[in-house]
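Trainee: predicted structure and sequence below. I'll ask about it afterward.
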Amino acid sequence: MDLDALLEMSNQCIHSEPPVCMASCPVHMDVIAFVTEIEKGDFAKAYKVMEAKIPFSRLIGKICDHPCESHCVRKEVGGSIRISELEKTAIDLGYTSPKKPLLMPKNKGTVAVIGGGLSGCVAAIELDKKGYNVTIYEKTDRLGGSLWAYEGQDLESAIIEEELSVIAKKGITVWYNTEVTEANLQTYIEKYDALYLGTGAWSKAYAIHPETFQVNDTSLFIGGTLQTQNHSSIFSASSGKRAAVSIDRYITKTSMSASREREGVFETKLDYKIDTVQPIVEVAKTASVYSESEVQEEASRCLKCQCDACIKACVHMQRFSITPDRYIRSINHNERIVLGNRSANLMINSCTECGLCKEVCPFGIGMKDIIHATRQSMVERGKMPISAHDFALKDMQFSHSDYFSLVRKQPSKEQSKNLFYYPVIAFSQYARGLYKGSGKTGYLFYPGCQLSSTHTDYIGAIYKYLVGVIKEKEADNDVGLYLGCCGAPADWAGRLDLMPESVEKIHKTWEEMGEPTFILACSSCASTFEKYLPMIKTISLWEVFATYGLPEVDIKKGKRELCIHDACATRHNAKIHESVRSIVKTLGYSVEELEYAKEKAKCCGYGGLVACANPEQAEDFVQDRAHESEHDVLVYCAMCKDMLVKGNKRAYHILDIIYGNEINPDAPQKMLTLSERQNNRKRLKQQLLKEIWNEEESDMSKTYDFTLHLSDAIIALMEKRFILLSDVEKVVEHSLTCKERFYNPETLDFLARLRVNNVTFWVKYEEHGSDITVKDVYSHRMEVVED
Amino acid sequence: METKTETTTTWMCDKCHKALVSQKVKVRYLEGNFEVELLKCPTCNMVFISEDLALGKILEVEKSLEDK
Ligand code: SF4
Ligand code: SF4
Ligand code: SF4
Ligand SMILES: [Zn+2]
């Protein structure tokens, strides 16, 4: 993994980029924190936020000419937030006198401040804080300069005096009635390490450096009105602050310009979009300043502008309260750590790799590929927690096994000749299709393992339909069938080593069959094929339905409105989106488009094997999706349906409505168990072989001479703990034959264990003759050495 | 792995009809090898692991070893 390139990418994330109000505030008041405190009614904290950035905040907060407001994002949707008015009320309601200033040693150097106006006082205080011995030369008999212009209007003289008294309290020397002019300036320059000139008017026009406020390379720095060329108090204060920074760097001989790009007003990279913002108009003042309730209401209009498009769209980032910038940094840490806990493992295995974040990010930053590469790297370094994906990978092995895996060409004419008689041949398009058999496989129907597990009984019907409609139009092209698993689980688990087992077999079959087009019915198969088997031409079953017409089944047309949950794996496949919508409309339903639809589809929670690695996270995804609409959901991915039904949301697979099974909308929908899914795959293979190819397979399933009784609660427990019925059977069988079990004389229960591969399963049961009633099941991976 | 587990139980070995005794037992997972005090049959050595132990301490240790 190229971690440095990753970190580079994390720097592009603008999650921490400030809002435009803060960027256009010359001293960068943290507006969002400020309004948040006001909204909460904590005015003391709000004032503290002001105080952190605004010099003489009790004064400037009353008279600031608020350049922030003219840039506020709210401007066009109800009017800018009246930040300056909020400040006034925050002072009135939240001002607390500052802590007694600490007297710092002042040994870093000497600075003269010429002019004790606002900028001069600011510069003096800042330099004093930095450890300089500062002397102010003021030509009048008081400090404050232009501040006194507000006396009696916005500022009370007592408060001006109280605030300025801090200069004396800090022990800064002030020479009153001492005018410095161009004529005697040189004396001061010689006497002090540096000079700050903030007199408002001066006889000579110096060239001032726009960023450092330095005059050439000299020890003279100029701020205040002389530098700002306007009468803005906040710009003036800002220039005093910035000049103090320059003076410090000058005296300590550090770089004058390094990392100062964002001093003063700067441009934020944040471009907050107002398309969906509802206008709310500015709150009117009923007196000269906002009242407590008015100020809170006005603060509540603030949009708290911040880029959080991805976190808003993704419950995974929400659960871990993280945005890609920090996420990438945690991955970096997790990858580089040598000894110690890889604490980001769970997070990395909780991303569904759905790709939504990339769609919503203004910079196209996406976690999917990063997470995928990270999981691969974890696997390669042997650092992937086994338990995260073990169950799903074993289930994949089951699909690869002879229990499910099957490849067949379309039954030949010879094989099917018992169908070619009247009336079958007249009424069955399928029989006519077989009659036209060419022996050349033009299409291969690949339903995928998940659809076969949960929508087992549709597969045969679909196959017959495909033979019928395709042979009608393309006499040359037979339709074959291929049952298997595309390898998506291995891909999600980062198990590149397991990919060939699926992919190479598919590729070989495809070649042997004369390169047929695969008809896919699963969104994950579609993306796996795209990624690993790009040479194979594929078409989605939904496109076939939309182009060749729907199978003729006797269905009542639906009249209801359904919302379509697009499969995240097909977010960029517009053809599938259209086909599905056209089928749904043809069947008489109306469609509610969700906010997150098509290329912005949200994941159901199955993606990335999250349902296996972190079931709680998967549940977040389901609930998030389920609550997007009141309506029942229409899906076209077997996994999506499963997840939604599990989350108690009524969901229909598109096949349910095509084959008229959207019946009894009040009956609860049943979730198949993990064992039922495996059995269904087994059963499907046997059924199809018998029904379509007339092949009888010996039943490979094992039979036992005991009968297991499992309550619903036990079944639910098995699901939760990823324990299969076959595991329970093995444990019981072993305990009965070898008598390896514990007995509890009080409860009369038995408890048995058996290690199956890398897991030890435990079953507690009651035995009555051949009836075994299971009372508990659990497992662990740790191996116990019994010797 | 810490060794604080049950030291008595009503469960007994069904094959040997023996009460279980608490003894040091070797357990292993990934790179981790430990000796733990567990209940076992003194005759056939079958080790007893309760649900609480499996889903509590053992799970915790498994997870922390996986994240190492
Ligand atoms: S809406 Fe709030 S955060 Fe956004 S620019 Fe305006 S004041 Fe700043
Ligand atoms: S779950 Fe989807 S939206 Fe969330 S981080 Fe992963 S890929 Fe992005
Ligand atoms: S959308 Fe997310 S990743 Fe993209 S810039 Fe915003 S916070 Fe960062
Ligand atoms: Zn024993």
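Mentor: Yep, it's here. Ligands and ions are numbered 1, 2, ... in the order given.
Trainee: which residues of chain B score low on pLDDT?
Mentor: Along chain B, the model assigns pLDDT under 70 to residues B:1-7.
Trainee: if we use 90, what do you get?
Mentor: Along chain B, segments meeting pLDDT under 90 span B:1-10, B:31-32, B:68.
Trainee: contacting residues around A:Ala461?
Mentor: A:Pro551, A:Tyr659 (CB atoms under 8 Å, 6 or more residues apart in numbering or on different chains). For glycine as for every other residue, the C-beta is placed from the backbone atoms N, C-alpha and C.
Trainee: and if we set it to 7 Å?
Mentor: A:Tyr659 (CB atoms under 7 Å, 6 or more residues apart in numbering or on different chains).
Trainee: can you pull the pLDDT of it?
Mentor: The score at A:Ala461 is 94. That number is its pLDDT.
Trainee: can you check the one 3 residues further on too?
Mentor: In this prediction, A:Lys464 carries a pLDDT score of 95.
Trainee: swap in the one 10 residues further on?
Mentor: A:Glu474 is assigned a pLDDT of 90 by the prediction.
Trainee: isn't it right up against A:Gly442?
Mentor: Yes. Between A:Glu474 and A:Gly442 there is a contact under CB atoms under 7 Å: 6.4 Å.
Trainee: what about those two, which has more around it?
Mentor: A:Gly442 (20 against 14; other CB atoms under 10 Å in any protein chain shown).
Trainee: who are the packing partners of whichever strand or helix holds that one?
Mentor: Per DSSP states H and E, A:Gly442 falls inside strand A:441-446. The helices and strands touching strand A:441-446, judged by 3 or more CB pairs under 7 Å, 6 or more residues apart in numbering or on different chains; DSSP states H and E, are helix A:456-473, strand A:478-483, strand A:517-520.
Trainee: for the residue in the stretch 451-600 of chain A that chain B sits nearest to, which non-adjacent residue is closest in space?
Mentor: Of all residues in the stretch 451-600 of chain A, A:Ala493 sits closest to chain B, at 13.8 Å by CB to the nearest CB. Nearest non-adjacent residue to A:Ala493, counting by CB to CB, 6 or more residues apart in numbering or on different chains: A:His389, 3.8 Å away.
Trainee: and what of A:Leu672?
Mentor: Nearest residue to A:Leu672, sequence neighbours excluded (CB to CB, 6+ apart): A:Thr454, at 5.5 Å.
Trainee: how far away is that neighbour from ligand 2?
Mentor: Distance, A:Thr454 to ligand 2, using CB to the nearest ligand atom, to the nearest Å: 23 Å.
Trainee: would you agree that residue is in contact with A:Asp642?
Mentor: Yes. At 6.0 Å, A:Thr454 counts as touching A:Asp642 under the criterion of CB under 7 Å.
Trainee: more crowded one of these two?
Mentor: A:Asp642 (26 against 20).
Trainee: a helix runs through that one, doesn't it?
Mentor: Yes. Assessed by DSSP: H, G, I helix; E, B strand; the rest coil, A:Asp642 belongs to a helix.
Trainee: pLDDT averaged over the strand holding A:Gly442, what's the number?
Mentor: The model assigns strand A:441-446 a mean pLDDT of 96.
Trainee: which strands and helices sit next to the helix or strand just after it?
Mentor: Per DSSP H and E, the first helix or strand lying C-terminal to strand A:441-446 is helix A:449-454. With contacts taken as 3+ CB pairs under 7 Å, 6+ apart, helix A:449-454 sits against helix A:638-646, helix A:674-693.
Trainee: and residue 9, how many neighbours?
Mentor: In the absence of a named chain, this looks at chain A. A:Met9: 18 neighbours (other CB under 10 Å).
Trainee: you answered for a different chain; I wanted chain B.
Mentor: B:Thr9, neighbours per other CB under 10 Å, totals 14.
Trainee: so how far is B:Lys57 from the residue positioned nearest the centre of chain B?
Mentor: Central residue of chain B (CA atoms, centre = their mean): B:Leu38, 4.2 Å from the mean position. Plainly put, B:Leu38 is 11 Å away from B:Lys57 if you go by CB to CB, to the nearest Å.
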